[in-house]
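Asker: A structural model of the following input is requested.
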Amino acid sequence: MLILLSPSPTSLLPPINTHNATAARTKFRRQPLLKVRAESSEGGGTAETAAVVGGLVSNPVIGWSLYTLKTTGCGLPPGPGGSIGALEGVSYLAVAGIVGWSLYTKTKTGSGLPNGPFGLLGAVEGLSYLSLLAIIVVFGLQFFVQGSIPGPLPSEQCFG
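Answerer: Numbers count the residues shown, from 1 in each chain. Got it, this is the predicted structure:
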C-alpha cells in the first residue's frame, strides 16, 4: 500500500511578520512537498497463517475423502481413536470456513482474500473453491447412485 502525505497548508506560507527580511528568510525552511511511505499490504496475520496451514492440510484430505466416497460409497475410515475421521470432519469445516471468509471479503471489498505470504492464501482460496465444487459433484453423484449420503458417524453400512 502506498500512502501519500502532504504537509499542512500553513507550513508552506512564509512567516507573516516580515519587518526583517533576512531574519525571516533564515527562519523559513523549505519543507518537502510530499512524503511517500511504502507499507506492505501482506501482513501475514494470525488468521491468514492459520487459513494457509489449515487449507494446505484440508484440501488434500478432502480430495482423499471424496475419492474414497466415490469408489467405496463410504467416507474415510475412523482410524486409530477416530483420528482420521476427525481430520476429515475438521477438513470439511476448514474449507467451509475459508470459502465463507472469502465470500464475506468479496461482498465487503469487491475482491477476494489477499494473496498472503508467497501467494499461499490466494492458492488455498482457489483450492477451497475447487474442493467445494468437487464436494457438490461427488455428493450429488453419491445421492443419485446410492440414494443417500453417508452420515458423519460410522454406520452399519460403513465401518460398522
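Asker: thought V95 was touching A51?
Answerer: No. Using CB atoms under 8 Å, V95 makes no contact with A51, being 10.4 Å away. Quick note: C-beta positions are derived from backbone N, CA and C, even for glycine.
Asker: what ranges does this structure have for its helices?
Answerer: Ranges of helices in the chain, per DSSP state H, are 21-27, 46-72, 83-109, 120-146.
Asker: against which helices or strands is the third one packed?
Answerer: Same thing as helix 83-109. helix 46-72, helix 120-146 (3 or more CB pairs under 8 Å, 6 or more residues apart in numbering; DSSP states H and E).
Asker: tilt between that helix and helix 46-72?
Answerer: Angle, helix 83-109 to helix 46-72, by axes from the mean of the first three to the mean of the last three CA atoms, to 10 degrees: 130 degrees.
Asker: which one of the helices of the chain has the poorest average confidence?
Answerer: Mean pLDDT values for those show the minimum at helix 21-27, a mean of 56.
Asker: and of the helices of the chain, who's closest to P152?
Answerer: Of all the helices of the chain, helix 83-109 sits nearest to P152, with 6.1 Å by CB to CB.
Asker: please tell me how far that closest one is from the chain's geometric centre.
Answerer: On the basis of CA atoms, centre = their mean, to the nearest Å, helix 83-109 sits 10 Å off its chain's mean C-alpha point.
Asker: for stretch 130-144, same thing?
Answerer: The chain centre lies 23 Å from the centre of stretch 130-144; the measure is CA atoms, centre = their mean.
Asker: name the residues that touch it?
Answerer: Outside stretch 130-144, the residues within contact range by CB atoms under 8 Å, 6 or more residues apart in numbering are 58-59, 62-63, 66, 69-70, 73, 92, 95-96, 99, 148-150.
Asker: out of the residues you listed, who's the most crowded?
Answerer: Counting neighbours by other CB atoms under 10 Å, S58 comes out on top of the contacts of stretch 130-144 with 26 neighbours.
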